[in-house]
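Participant: sequence? don't have it. structure:
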């Protein structure tokens, strides 16, 4: 099996792991990691041969962009305090604690190399956490915090990692220069991200073809990451800023086709890239096993000590941080979303799984220093990092569903229903306001006005049936029954038309482009 065949196996596994995971009630990233482990144990499967410097630019931009599409600027702004406590403060504390432990237990490990190890295992993975949380029906406030933490902790960790790697490679470190680099990288990334977001939004307005618009959204995160890195900024932060800008300002409410197609496209990208990334985690077991040959007890002991440090530090930090956030939350009546009980805090603690970012940083550790010598203790760093990733991803990922059920943590369905009802009511009122505006400028027959008014009300009732009174609900149900019957028959008519047009492709002299154009017209009609 060659590298290309292995890639296709991972892509196939990424697709199949989703329905299998749903049936087994296991997260797809965990299944992909297990698949990677199985593949790594097969003798005919080759070692993964990806240049370390390409890991982050290839994997992170699309994953980050897809994750940002599920959040919003308002959600981040409302939760900025708990996110900063987790995404910045906790990453710094975890890095320092892991570095202290690793420097103490691994003989000859330089302090800067220990800091690099701490930085690469410090950030919990947003993909793993949200993939698991989304399947478990956790309260939305917990999912929001986990998403925000996962997005922004990568920024902190990668900047720390780059500073530490540079210190090891060059043999020089200055706290002042490191702090200045941190600040400058953030400023450059933010400015570039805003500029690219603005430019991309204008270009999207000029491209009126959904295919071209979606293609541009695929290029934008890569461009943002690469340009920011070239200008010595944080590529991750640049992608986040660009994606948030586009999510906030590049949305056309009437561009239905692009929105539906874009949502489907990015779901596909997210599924495939996530599957490949977690499959690579398992496949790297090849190198980890080779590194530990003859030193299993010693190296497993080091990895176990770092795993314990990572897990204990997260709990020790979450307990007081959550208490403080709740106290400030109660006093100032902020709209931020915080864990409301010790059970939710425990779930947040156990959701701290490491994944794509950590494996990408581990694989990106240079092979040599600037002087041409071997990077100190690289094999040990990579082995310990993969020990942390495997232990947290498999142990926590496989046991989190059971822990959620045991603690009885469930989503706030009543709150979600209330918000859905509010949105349905606002949608119906907006439709009725627009109808009144049209009546002022156009003469409409009374019969048509009454019919349009009923349809405006039905907009809200279809979203949330609780909006209608009993008589209206009964009438709406009868209309919906007639509508379903009409749609079923119309669907069969369109299906017959599509089959007839599609059969024309095999007829002598048929132009396939004309056939496809007619078929697309029927497809759009069917979608509507």
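Facilitator: Arrived safely. This structure is a prediction, so every number in the text was calculated from the model and none was measured.

Participant: near residue 222, how many other residues are there?
Facilitator: Applying other C-beta atoms under 10 Å, we find 17 residues neighbouring residue 222. Using the backbone N, CA and C atoms, a C-beta is placed for each residue, glycine as well.

Participant: contacts for stretch 163-175, please.
Facilitator: Stretch 163-175 is touched from outside by 110, 112-113, 115-116, 119, 178, 181-182, 365-366, 369-371, 375-376, with contacts defined as C-beta atoms under 8 Å, 6 or more residues apart in numbering.

Participant: try it again with 7 Å
Facilitator: The set of residues external to stretch 163-175 that reach it, using C-beta atoms under 7 Å, 6 or more residues apart in numbering, is 110, 112-113, 115-116, 119, 178, 181, 365-366, 369-370, 375-376.

Participant: just those residues: which has the poorest pLDDT?
Facilitator: Minimum pLDDT for the contacts of stretch 163-175 is recorded at residue 178 (70).

Participant: residue 480 versus that residue, what's the distance?
Facilitator: Using C-beta to C-beta, to the nearest Å, residue 178 is found at 63 Å from residue 480.

Participant: repeat that for residue 148.
Facilitator: 39 Å.

Participant: poorly predicted segments of the stretch 201-350 of the chain, please.
Facilitator: Across the stretch 201-350 of the chain, the ranges flagged by pLDDT under 70 are 250-257, 285-288, 292, 326-340.

Participant: which residue ranges of the stretch 201-350 of the chain form helices?
Facilitator: Along the stretch 201-350 of the chain, counting by DSSP state H, counting those that start in this stretch, helices occupy 210-230, 235-249, 256-283, 285-292, 296-332, 342-350.

Participant: and of the contacts of stretch 163-175, the nearest to residue 92?
Facilitator: Nearest to residue 92 out of the contacts of stretch 163-175 is residue 119 (C-beta to C-beta; 9.4 Å).

Participant: report the angle between the helix or strand harbouring the closest one and helix 296-332.
Facilitator: Element membership for residue 119 (DSSP states H and E) is helix 111-121. Angle of helix 111-121 versus helix 296-332, following axes from the mean of the first three to the mean of the last three C-alpha atoms, to 10 degrees, is 60 degrees.

Participant: what is helix 111-121 packed up against?
Facilitator: Helices and strands touching helix 111-121, by 3 or more C-beta pairs under 7 Å, 6 or more residues apart in numbering; DSSP states H and E, are helix 91-105, helix 140-170, helix 356-363, helix 378-390.

Participant: and it, how far from the chain's centre?
Facilitator: Averaged C-alpha coordinates place helix 111-121 at 25 Å from its chain's average position (C-alpha atoms, centre = their mean, to the nearest Å).

Participant: list the contacts of that helix.
Facilitator: Under C-beta under 7 Å, 6+ apart, the answer for helix 111-121 is 94-96, 98-99, 102-103, 157, 160-161, 164-165, 167-168, 173, 306, 310, 354, 358, 361-362, 376-377, 381, 384-385, 388.

Participant: only the buried subset of these, as a ChimeraX command please.
Facilitator: Buried subset of the contacts of helix 111-121, written as a ChimeraX selection, criterion 16 or more other C-beta atoms under 10 Å:
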select :94,95,96,98,99,102,103,157,160,161,164,165,167,168,173,306,310,354,358,361,362,377,381,384,385,388
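
Participant: if we can go back for a sec, buried ones in the helix holding residue 119, by neighbour count?
Facilitator: Neighbour-count burial for helix 111-121 flags 112-121 (criterion: 16+ other C-beta under 10 Å).

Participant: burial of residue 373, as a residue count?
Facilitator: Neighbourhood size, residue 373 [other C-beta under 10 Å]: 10.

Participant: now the angle between helix 256-283 and the particular helix or strand that has residue 63 in it, please.
Facilitator: Element membership of residue 63, judged by DSSP H and E, is helix 52-68. Orientation check (the same axes, to 10 degrees): helix 52-68 against helix 256-283 gives 140 degrees.

Participant: could I get the average pLDDT for helix 52-68?
Facilitator: The pLDDT scores in helix 52-68 average 80.

Participant: that one versus helix 235-249: what angle between them?
Facilitator: Inter-element angle recorded for helix 52-68 and helix 235-249: 20 degrees (by the same axes, to 10 degrees).

Participant: for residue 306, which non-adjacent residue is closest in space?
Facilitator: Once flanking residues are discounted, residue 306 sits nearest to residue 384: 5.3 Å by C-beta to C-beta, 6 or more residues apart in numbering.

Participant: what sits against the one you found?
Facilitator: Residue 384 neighbours (C-beta under 7 Å, 6+ apart): 102, 117, 302-303, 306.
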